[in-house]
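Undergrad: Based on what follows, work out the 3D shape:
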Amino acid sequence: MSGWTADEMPAMDGETVVVTGANSGLGYEGAKAFADAGATVVMACRSAERGEAAATDIRRTVRGGALNVHVCDLADLDSVAAFAEEAIETYDGIDVLCNNAGVMAIPRQETADGFEMQLGVNHLGHFALTGQLLSALRASEGESRIVTQSSQAHTAGEMDFSDLQSERDYGKWSAYGRSKLANLLFAYELQRRLREADADVVSVACHPGYADTDLQFRGPREMGSSVRMGVMKVANAVFGQSAAQGALPMLYAAVSDDVIGGEYVGPGGFLDMRGAPEFQTSNAASQDEADAERLWTVSEELTGVSYDFG
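TA: A predicted model of the protein is given here:
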């Protein structure tokens, strides 16, 4: 995959791709690339207004495809369920689901369902969404893929099941690391269960390296810290690669023939922060099958969503 770029994406005419958080950052760039390849892109966005603005902007530059905006607030399980129901009714099947949306290093907040916000949006919302879209993924012709966006910050995460919602002890970065570790535990466990069920669906994980997006600014913005905003601007300028470059691992995981399921794709350049996508190895904690099974059970209990593998 040396030097792989979005120009090498295959034609995706007739395929349907769901991208969460498609109105900005990595999701925006992913939606643009999928549409340019000819796919029908379902832009799952928290704000219909911001989603439509992004879709209008993308349509000016892409050669084909279609962009359809649907509301999906991952911090509200009712919104997730409504989106999944609408998607199943609207589309014959789903070929790719990109679990991309996320929040990072914000002051402690709770979702509509009482979950710690970073775990709730980054993991639990996507867990519920994937389970409710599984029938549509299985209904697509040929192999379909589920791509879950993690981060190298997973190495700072710890699955403390006695305080999963960080109610006793909250650190914005440790909570973010936990949510990204949960993404990997979920993606790998999902692949094991799909393989056991002999389903024509594969689960892949990815990370963007250090991409210059608005994600880094939400925490400082909500804290009202102009100093932290300034630090982030400098860090993004010095270390960050473009959002379009950061989206490449997600795109590669979604379309490459080299992917068989269970991989972790990230940029292969300096400190895995930038560069072309390559297969990588996540840390030992992310491959703990006992933790993965426990997280799966807890996630089912918290979201009320059980997977039907047929």
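
Undergrad: Please confirm that residue 193 is located within a strand.
TA: No. Judged by DSSP: H, G, I helix; E, B strand; the rest coil, residue 193 forms no part of a strand; its state is helix.

Undergrad: show me what contacts the nearest residue to residue 149 once chain neighbours are set aside?
TA: Excluding the flanking residues, the one nearest residue 149 by Cβ to Cβ, 6 or more residues apart in numbering is residue 100, at 4.7 Å. C-beta here means a position set from N, CA and C on the backbone, and glycine is covered the same way. Residues in contact with residue 100 (Cβ atoms under 8 Å, 6 or more residues apart in numbering) are 19, 20, 21, 22, 26, 27, 30, 147, 149, 250.

Undergrad: Quick check, pLDDT for residue 310.
TA: The model reports residue 310 with a pLDDT of 82.

Undergrad: And for it, the neighbour number?
TA: 9 (other Cβ atoms under 10 Å).

Undergrad: Now do the contacts for it.
TA: For residue 310, the contact set (Cβ under 8 Å, 6+ apart) comprises 138, 197, 199.

Undergrad: Just the ones of those residues in strands?
TA: Among the contacts of residue 310, none falls in strands (DSSP state E).

Undergrad: Let's have the residues you listed in JSON lines, adding neighbour count.
TA: As requested, these are arranged in JSON lines below (neighbours: other Cβ atoms under 10 Å):
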{"residue": "138", "neighbour count": "18"}
{"residue": "197", "neighbour count": "14"}
{"residue": "199", "neighbour count": "17"}
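
Undergrad: Just the ones of these in helices?
TA: The helices, defined by DSSP state H, take in residue 138 from the contacts of residue 310.

Undergrad: out of the contacts of residue 310, who's nearest residue 306?
TA: Of all the contacts of residue 310, residue 197 has the smallest distance to residue 306: 13.6 Å, by Cβ to Cβ.

Undergrad: what's the closest non-adjacent residue to that closest one?
TA: Nearest non-adjacent residue to residue 197, counting by Cβ to Cβ, 6+ apart: residue 309, 3.7 Å away.

Undergrad: Make sure I have this right: the one you found is in a strand.
TA: No. According to three-state DSSP, residue 309 belongs to no strand; its state is coil.

Undergrad: my read: it touches residue 200, true?
TA: No. Counting by Cβ atoms under 8 Å, residue 309 does not reach residue 200; the two are 11.6 Å apart.

Undergrad: Could you tell me how many residues sit around the closest residue to residue 307 other than its chain neighbours?
TA: Of all residues not flanking residue 307 in the chain, residue 131 sits nearest, at 4.7 Å (Cβ to Cβ, 6+ apart). Close neighbours of residue 131, defined as other Cβ under 10 Å, add up to 20.

Undergrad: Ok, residue 7 next?
TA: Counted with other Cβ under 10 Å, residue 7 comes out at 8.

Undergrad: Just say helix, strand or coil for it.
TA: Secondary structure assignment for residue 7 (three-state DSSP): helix.

Undergrad: mind checking how far it is from residue 40?
TA: 21 Å (Cβ to Cβ, to the nearest Å).

Undergrad: cool, residue 54 as well?
TA: 16 Å.

Undergrad: Same check on residue 123?
TA: Where residue 40 is concerned, residue 123 sits at a distance of 27 Å (Cβ to Cβ).

Undergrad: now residue 156
TA: Distance, residue 156 to residue 40, by Cβ to Cβ: 37 Å.

Undergrad: Which stretches in the stretch 101-250 of the chain count as strands?
TA: Counting by DSSP state E, counting those that start in this stretch, the segments of the stretch 101-250 of the chain that form strands are 144-149, 201-206.

Undergrad: want to try a markdown table for the ones you listed, with mean pLDDT and distance to residue 83 as columns?
TA: Below are these laid out as a markdown table (pLDDT from 0 to 100; distance: least, Cβ to Cβ, whole Å):
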| stretch | mean pLDDT | distance to residue 83 |
| --- | --- | --- |
| strand 144-149 | 98 | 16 |
| strand 201-206 | 98 | 19 |
